[in-house]
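Novice: Give me a 3D structure for the following:
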Amino acid sequence: MSTQTAERFTRFADFYPFYLAEHSNPTCRRLHYIGSFLVLGILAYALITQQWLWLLAMPLAGYGFAWVGHFIFEKNRPATFQYPMYSFLGDWVMLKDMLTGKIRF
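Specialist: Below you'll find the model as predicted:
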């Protein structure tokens, strides 16, 4: 298990390096990407079909894949538990960094 920092982050720019360190396992990162793409797909489907109940599946898809990555592959506690908003933002910034080649898939 990784050790959680006692530091309290007050800026996302300071949090993001910590977030990336908590996602060093490639399988964990890939599961995050799968979950994020599923969330986007569910959102698109709900908007196109106007079947709004599908929106309830978004947290399950996103967090389900991410938490499997943390508990099984990364062997740490998801940052969401301590930093929910920064962690949510970190998921999307990490996805953007993967899509732009800034970090490896």
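Novice: C-alpha only now, for contacts and for neighbours.
Specialist: Fine.
Novice: ok, residue 54 - how many residues close by?
Specialist: By the measure other CA atoms under 10 Å, the count of residues near residue 54 is 15.
Novice: all helices of this structure, in order?
Specialist: Counting by DSSP state H, one finds helices in the chain at the ranges 12-21, 26-49, 57-68, 84-99.
Novice: pretty sure residue 54 is in contact with residue 42, am I right?
Specialist: Yes: proximity of residue 54 to residue 42 meets the contact threshold set by CA atoms under 8 Å, at 6.6 Å.
Novice: what's the closest of the helices of the chain to residue 74?
Specialist: With CA to CA as the measure, helix 26-49 is the member of those nearest residue 74 (6.2 Å).
Novice: Give me the phi and psi angles of residue 25.
Specialist: Main-chain torsions, residue 25, degrees, to the nearest 10: phi -80, psi 120.
Novice: so what pLDDT did it get?
Specialist: Looking at residue 25, its pLDDT is 96.
Novice: so where's this structure uncertain?
Specialist: Along the chain, the parts satisfying pLDDT under 70 run over 1-6.
Novice: which ones are touching the spatially most central residue of the chain?
Specialist: When CA atoms, centre = their mean is applied to the chain, the residue found nearest the centroid is residue 91 (3.5 Å). Going by CA atoms under 8 Å, 6 or more residues apart in numbering, residue 91 touches 32, 36.
Novice: returning to what we had before: dump the helices of the chain into JSON lines; add distance to residue 76 as well.
Specialist: Formatted as JSON lines, those follow (distance: least, CA to CA, whole Å):
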{"stretch": "helix 12-21", "distance to residue 76": "11"}
{"stretch": "helix 26-49", "distance to residue 76": "10"}
{"stretch": "helix 57-68", "distance to residue 76": "9"}
{"stretch": "helix 84-99", "distance to residue 76": "14"}
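Novice: Looking at those, which is nearest to residue 78?
Specialist: Nearest to residue 78, of all these, is helix 57-68, at 6.6 Å by CA to CA.
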